[in-house]
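J.: Give me coordinates for this.
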Amino acid sequence: MSSVAAVPKLWHRPWPWIGASILAVLILAALSLSNRERRSSITAGVHSAQPEVVMPEGVGRHALRVSAMSLGGIATSPSPAPADRKIVRTSCMELTVASPADVAEKIRAFAESLGGYVETAQISGSQDAPGATMTIRVPASRLEDAKAELRKLSVKVNSEKADAQDVTKQYVDLEARIRNLQAQEAQYLEIMRSAKKVQDMLDVSEKVSEVRGEIEQQQAEFATLSKQVETVAITISLLPQAAPESFSLNWKPLHQLQVAGRDALEGIADYASTMAAVVLYMPVIMLWIGTIVLGIFASWRAVRWVGRMFSPFSKPAAPTTQPS
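T.: Residues are numbered from 1 along each chain as shown. Have a look, this model is predicted:
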């Protein structure tokens with residue numbers, strides 16, 4: 001009874017409840033601190049995974065700040081607008097003309113008047129197969145004008161083909177790559193100006209040379225691609241117009257007699273050669289014939305002899321006696 005009566009007395013004492021509250025607050029504070037430390041360690045691991053810019057010795061904080069700004073400003077390739085597409089266009093035409101050489105010269109002058117030029121040209125002046133093949137480049141905005149003029153210079157348009165290739169992604173990537181390389185070059189130049197040791201300057205100078213070489217290579221590719229976008233290549237095949245056939249009598253009796261006499265002589269010569277061969281081969285032919293006849297005769301006699309030996313009808317019949 002005493003133990004049961006002591007339990008209600010605990011409700012009237014505040015110290016146990018105060019101690020329990022303090023203990024709960026301490027446990028909650030410890031859990032909060034452990035979660036904060038865990039988040040801090042994860043954040044530090046993420047930051048440590050980022051690439052670190054290696055700076056030469058002797059470079060001050062100003063250079064470090066400049067390099068961080070350069071790395072933060074690296075350009076990314078923006079998505080091109082639909083109206084700003086970069087298209088490489090090509091066209092092929094096969095034309096029948098009166099004179100391929102003359103028309104090729106007119107095409108060259110016409111391309112230059114449009115602000116273009118002749119890229120390749122090959123003209124054949126032989127009588128058997130005269131013709132010309134050339135490739136011209138004209139501004140993309142004057143493509144239809146160039147085609148219309150080429151149709152006027154031809155007698156007949158045999159075939160015509162056009163092709164287009166979207167190089168917008170390649171164009172934008174090259175632009176962004178060049179900007180990134182130029183930012184790296186500026187960063188290395190700033191580091192080289194801030195370097196205090198000769199070895200550091202030499203190392204950074206080597207990096208500058210490498211980046212400059214990559215920039216020049218990318219700029220050359222970008223210039224070639226820009227030229228292909230701004231101009232259109234037209235490959236033209238020029239075929240000569242067939243000359244009209246005229247009615248003429250192609251009869252040469254003397255030539256025909258000469259050909260007939262030559263054929264007759266060749267026939268006589270072939271006959272004489274064949275007869276001479278037959279006469280010369282006659283003994284050989286007779287020997288073959290005699291051998292074949294002798295073999296046939298011997299085989300026939302052997303078959304008859306074997307037949308007489310084994311045939312029952314070949315034995316003589318026994319004499320019969322007549323009764324007296």
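
J.: does Gln217 sit in a helix or strand, and which one?
T.: Gln217 belongs to helix 198-230 when assigned by DSSP states H and E.

J.: should've said Met93
T.: strand 87-97.

J.: Mind listing what's buried along that strand?
T.: 88-89, 91, 93-97 (16 or more other C-beta atoms under 10 Å). (Each C-beta comes from the backbone N, C-alpha and C, glycine too.)

J.: hang on, the earlier thing: what is the helix holding Gln217 packed up against?
T.: Applying 3 or more C-beta pairs under 8 Å, 6 or more residues apart in numbering; DSSP states H and E, one finds that helix 198-230 contacts strand 87-97, helix 168-194.

J.: in the protein, which spans are strands?
T.: 87-97, 117-124, 131-139, 156-166, 231-240 (DSSP state E).

J.: what's the pLDDT at Ile178?
T.: On pLDDT, Ile178 comes in at 91.

J.: quick one: low-confidence ranges for the chain?
T.: 1-21, 23-26, 28-83, 125-129, 243-250, 311-324 (pLDDT under 70).

J.: Could you identify the longest helix within it?
T.: helix 253-310 (DSSP state H).

J.: tilt between the helix holding Gln217 and strand 87-97?
T.: Calculated by axes from the mean of the first three to the mean of the last three C-alpha atoms, to 10 degrees, helix 198-230 forms an angle of 40 degrees with strand 87-97.

J.: Quick check: buried residues in helix 198-230?
T.: 200-201, 203-204, 207-208, 211, 215, 218, 222, 225, 228-229.

J.: With stretch 110-130 instead?
T.: Quick answer for stretch 110-130 (16+ other C-beta under 10 Å): 110-111, 114, 116.

J.: And stretch 144-151, by the same measure?
T.: 146-147, 149-150.

J.: coming back round to it: just name the closest of the buried residues of stretch 110-130 to Gly307, please.
T.: Ala111 (101.9 Å; C-beta to C-beta).

J.: The closest residue to that closest one other than its chain neighbours and Val97: what is the separation?
T.: Residue nearest to Ala111 in three dimensions, not counting chain neighbours: Ile136, with 4.3 Å by C-beta to C-beta, 6 or more residues apart in numbering. Counting by C-beta to C-beta, to the nearest Å, the gap from Ile136 to Val97 is 15 Å.

J.: Same check on Trp300?
T.: Taken as C-beta to C-beta, the span from Trp300 to Val97 is 85 Å.
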